[in-house]
Every structure is written in C-alpha cells, then in structure tokens.
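> no sequence on this one, just coordinates:
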C-alpha cells in the first residue's frame, strides 16, 4: 500500500491541510506525533489512516524502528516529510535514510535556527545588523554596549509564528526583554537584530534540481504592540518591475549562499528605503491559510506540488488563473472563555468571499495575541481588483462576533 509518512502536525493550517491533500492523492497516511491529544482526538484528523505516538519524536532509532514495522506490515513508504518546525530537516534525513527523495537536508537544518542562518548569510547585502546574547553574559553590560543601536528586535533562535519576538525601543525595555527571554530559556542564546522599518513581504519558493521558482509574493499587514502579528495578506504584492527584479536577485543570493538545491521554504523580507532586507527564512511553506491564498490567486495548490516533489515527481507551478486575493485574520482585545461565535454564514454570503474559518471551539480560552497562534478567524476574498478584494474581506470579517466570558 503506497504510504506517505508525516512527522508532526498542527491542529490547523498547512500541516493539517497536507494530510487531506495527500489522502486525496490516493496515499495511505501515517502520522508520527508526540502530542497525546492527537491520539485522544483522532476524529479531528479524519485523513490519517494510522497514528504512531512517540514521546521523543526526534529519537531516530525509535522512529526508524516504527518505519521498519510499517514496511513489514506491507506499507510501501513513498515519502517521509514534515510541514512543522523543527522536523523538516529531520524528515528529509529520514527520507534519505529510506532511499527516497534526497532534499537539501543540511540547508533545511540551517534554516531551522535563526542564529545559524544569520551566521551563514553574514556579508550579504540583504542581511541586517545582528548580535547574539549568550547566557553567560550580564544583561546590564550587554545593554550598555548595544543601546546605541535601539530600536532592536529580540528573538529566541528557534521561535516561529512570531512567538516571543519582541520590539524594544528603550534601554529599560531592552533589559526587560532580555530578562524575559532569559527566564523562559536560560540555556540558549538570544538573537538581537536591527529593527527594519519598511513594508514586509512573504515569499514562497520551491527549488527543484537547483532551479528556483518564486511561487508567490504576498504583502503582509502587521499589528505591532511590541509583538509582530500579521493580520492581513495581499496577493500579489504590488511591486514595480524593478522592485520585483531586485527582490528575486536578493532571494537568489540567499538561496545560493544557503545551498538549497531541492526543497521549499518561505522568506519574510522588508523593503527598507529601496533595499531588500531579510527578516527571516523558514524551511517549509508558511502556515495558516497560505495554501488557499495562493490557490485562489494562481490556481496552484502549493502543498500538493511540495508533496509531489517529496515523491520524486516534477512539481507543476504553472498559473491557471490570476486573481487578487486578500486574507484577513481576526484577534481579540480581551482574554476570556469563548461562549459562542456568530457571523460565519453571513460572512460567506458576501460576494467574493472564498473561505471563512473559525479556529477555536466553544469553551476555549482566548487571549490577546502574543504569537500568530492567537489569531482566531480567517476570511479570504478574491477579486479582479486588490482594493475590492480587501474591502470585501474586511466587510465580511465585521460579521464575525466572539462572545466571551471575561476572565
């Protein structure tokens, strides 16, 4: 039985959608997970044919034993892959061990740590100023040395979804931010970066046999309250020909420096006074509803093409349509227990709305956003005009109401 093994999965977004798409492609789906709630709530993953719980999913010996058992029971493993940090490079190494497709595992591994890729890309014009705060340094001395560079961004090296990413613009905030992150993780270093001022863009790319394809460039709208929560996505980004050419040149230099010859990733970059600067790069497709955004705009099912590449097939990245797409994400301003959500059906009735998703279930505790995981609804609209697509999505989003019991 032809089988695809997925390492890790989130409850919503790209990694879960990948299970559905792989199932639709006709494969037996195996999910290796270290989350007990996945085993308890199997009904929430109807596309998974077989679950394997491993407490330490990075224990390669145990994982290989489970994969061997699958083969003994008649499963023909055709691909081993992941859409979840930090398992992307790990899955690529397992794929190579199984004699399957060889992706650029070392390059993917480099991207999984923000300090590693900063060090590798040092010297490129797209790289901002950065410095590393190590656990054996004193906060006061470090702040005194680098306070002239404020404002700065503080990041844990393995952060994703903007979790624990802090903007500090005063000496006191600088000290408090370092102490906050140091308390959360007293062992690992903290990445301290130049704050880049300018519009931010997300770029999805695939590299297959050393040939890079820019699948989509999406402008992001960010809510900044010392955190960085993206609440709006506009596809395609409205760039001039020169801006787009310079962006592709910058991305090409980054991909060449990292050595990515086979794999997919997404970058976040800012246009700082006409110069493209790298905010971060991640060794997987962006999460959330990104696949739907790109598919509505281009006709390309990017998840499907990434799976095809993992199967050893040629990804098909030819656009079958051109539409402007806008995605609006909703957050809340007060913490509370969710009593009910209304307005989904009304939102779907707006002409041009393609997708409405409400993430939390009744009884969930909702909080003010500190990471991208605290976005609780998504509305996607499409139109021949970027302004109309945005207007439709925002109007539809206003239909959604969260009723909370405040805590």
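Okay, I see it. Keep in mind that this is a model prediction, so the values were computed, not measured.

> The worst-scoring helix or strand of the chain on mean pLDDT packs against which elements?
Using mean pLDDT, DSSP states H and E, helix 36-40 stands out as the lowest-scoring helix or strand of the chain, at a mean of 86. Where contact means 3 or more CB pairs under 8 Å, 6 or more residues apart in numbering; DSSP states H and E, helix 36-40 is packed against strand 50-53. For the C-beta atoms, the positions are set from N, CA and C on the backbone; glycine is no exception.

> Which positions within the least confident helix or strand of the chain qualify as buried?
Applying a neighbour-count criterion of 16 or more other CB atoms under 10 Å, one finds residue 38 buried in helix 36-40.

> all numbers from here: first residue = 15
OK, 15 is where the count begins now, so the last one is helix 50-54.

> what's the offset of that helix from the middle of its chain?
23 Å (CA atoms, centre = their mean, to the nearest Å).

> And stretch 299-311, by the same measure?
11 Å.

> And the contacts of it?
The contact list for stretch 299-311 (CB atoms under 8 Å, 6 or more residues apart in numbering) reads 24, 26-29, 31, 97, 175, 216, 218, 229-230, 232, 247, 249-250, 278-280, 314-317, 320, 335-339, 341, 343, 368-369, 371, 386, 389, 392, 394, 396.

> 6 Å - rerun?
For stretch 299-311, contacts defined as CB atoms under 6 Å, 6 or more residues apart in numbering pick out 27-28, 31, 216, 230, 247, 249, 278, 280, 314-317, 337, 339, 341, 368-369, 392, 394, 396.

> Just the ones of those residues in strands?
Residues of those located in strands (DSSP state E): 216, 230, 247, 249, 278, 280, 339, 341, 368-369, 392, 394, 396.

> low-scoring pLDDT stretches of the chain, where are they?
Residues of the chain meeting the criterion pLDDT under 70: 238-240.

> got the residue ranges for the helices in it?
For the chain, the helices defined by DSSP state H cover 28-38, 50-54, 74-86, 102-111, 119-125, 128-134, 153-160, 185-198, 255-272, 304-312, 316-324, 358-362, 400-411.

> Nearest to residue 330, out of these?
Counting by CB to CB, residue 330 lies closest to helix 316-324 out of the helices of the chain; the figure is 6.2 Å.

> and the angle for the closest one with helix 102-111?
Counting by axes from the mean of the first three to the mean of the last three CA atoms, to 10 degrees, helix 316-324 lies at 30 degrees to helix 102-111.

> which residues sit against helix 316-324?
Contacts for helix 316-324 (CB under 6 Å, 6+ apart): 31-32, 35-36, 93, 95, 115, 222, 229, 278, 305, 308, 329.

> now that helix and helix 304-312, what's the angle there?
Using the same axes, to 10 degrees: helix 316-324 against helix 304-312 is 100 degrees.

> Give me the distance from helix 316-324 to the chain's centre.
The answer for helix 316-324 is 16 Å, by CA atoms, centre = their mean.

> which stretch among the helices of the chain comes nearest residue 60?
Among the helices of the chain, helix 28-38 sits nearest to residue 60 (CB to CB), with 8.4 Å.

> tell me which residues in the closest one are buried?
For helix 28-38, by 16+ other CB under 10 Å, it's 28, 29, 30, 31, 32, 33, 35, 36, 37.

> For residue 165, see how far away the nearest residue to residue 275 once chain neighbours are set aside is.
In this structure, residue 275 finds its nearest non-sequential neighbour in residue 224, 4.8 Å apart by CB to CB, 6 or more residues apart in numbering. Relative to residue 165, residue 224 is positioned 39 Å away (criterion: CB to CB, to the nearest Å).

> is residue 147 in a bridge, and if so with what?
Listed by DSSP bridges, the beta-bridge partners for residue 147 are residue 204.

> I'd say it and residue 205 touch.
No. The pair residue 147 / residue 205 is not scored as a contact, 8.0 Å apart, by CB atoms under 6 Å.

> neighbour-wise, which of these two wins?
Taking neighbours as other CB atoms under 10 Å, residue 147 and residue 205 compare with residue 205 leading, 22 against 19.

> Got the domain ranges for this protein?
16-114, 143-208, 214-420 (automatic domain parsing).

> Looking at the ones you listed, spot the one closest to residue 135.
domain 214-420 (5.6 Å).

> hang on, the earlier thing: among the ones in strands among the contacts of stretch 299-311, which one lies nearest to residue 210?
Among the ones in strands among the contacts of stretch 299-311, and counting by CB to CB, the member closest to residue 210 is residue 216, at 14.3 Å.

> For the closest one, list each beta-bridge partner.
The partner residues for residue 216, given DSSP bridges, come to residue 232, residue 282.

> and it, what is it in contact with?
Here residue 216 is in contact with 232, 234, 280, 282, 300 (CB under 6 Å, 6+ apart).

> With residue 103 instead?
Applying CB under 6 Å, 6+ apart, the residues contacting residue 103 are 119, 122, 123, 126.

> Could you do residue 175 as well?
385, 386, 387 are the contacts of residue 175 under CB under 6 Å, 6+ apart.
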